[in-house]
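Peer 1: A structural model of the following input is requested.
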Amino acid sequence: MCEFGWSRLTYEDKALILRGIESAEVFTPPRAIQIDWSDRCNSRCIYCGRKHVRRDDELDLRVPERLFSELDDVGVRALQMGGGGEPLFHREIAAVLDQVSRRSFTISTLATKGVLMSKDIARISPAGGHRKRRDLPGRPHG
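Peer 2: This next block holds a predicted model:
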């Protein structure tokens, strides 16, 4: 995440971070948060270490809405979007991305296989100018 690295911080932010390291206290909010949206996946990748423990769980749409408000309030700048499964396989992904697009932070990383990246999702995805990590897809569920 070099766009949010040390060289991009203000002098005041750096001073607070160093003060926190010296005193073992927290004086600044996190600058980037990773959220695993969904444990659901549409692939059966042979290398996946989670396929045997995967469930059909995903965050209820009200949870990210409340969380995004709190992240905005504390000054988070970047959201890393991943998952125990495929983040774009969330049943309400369009609504989640729409919620993010109305916030002051951006999606800095979208870890996806890309199989579910539709034109509509790409259009509203705030990760447009940021890093998208694509894993090689396994066999899609049939």
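Peer 1: nearest spatial neighbour of residue 56, skipping sequence neighbours?
Peer 2: Sequence neighbours aside, residue 40 is the residue nearest to residue 56 in space, at 5.9 Å (criterion: CB to CB, 6 or more residues apart in numbering). For every residue, glycine as well, the C-beta is placed using N, CA and C.
Peer 1: I misspoke; the intended subject was residue 29.
Peer 2: Nearest residue to residue 29 in three dimensions, chain neighbours excluded: residue 74, at 3.9 Å (CB to CB, 6+ apart).
Peer 1: phi, psi of the one you found?
Peer 2: Dihedral angles phi and psi of residue 74 (degrees, to the nearest 10) take the values phi -90, psi -10.
Peer 1: and it, how many neighbours does it have?
Peer 2: 10 (other CB atoms under 10 Å).
Peer 1: And for residue 76?
Peer 2: 19.
Peer 1: Is it in a helix, a strand, or coil?
Peer 2: Secondary structure, DSSP: H, G, I helix; E, B strand; the rest coil: residue 76 is coil.
Peer 1: So it sits against residue 28, correct?
Peer 2: No: Residue 76 is beyond contact range of residue 28, at 10.8 Å (criterion: CB atoms under 8 Å).
Peer 1: quick revisit: am I right that the residue nearest to residue 56 is in contact with residue 86?
Peer 2: Yes: under the criterion of CB under 8 Å, residue 40 makes contact with residue 86 at 7.0 Å.
Peer 1: in which helix or strand would I find the residue nearest to residue 56?
Peer 2: Assigned by DSSP states H and E, residue 40 belongs to no helix or strand.
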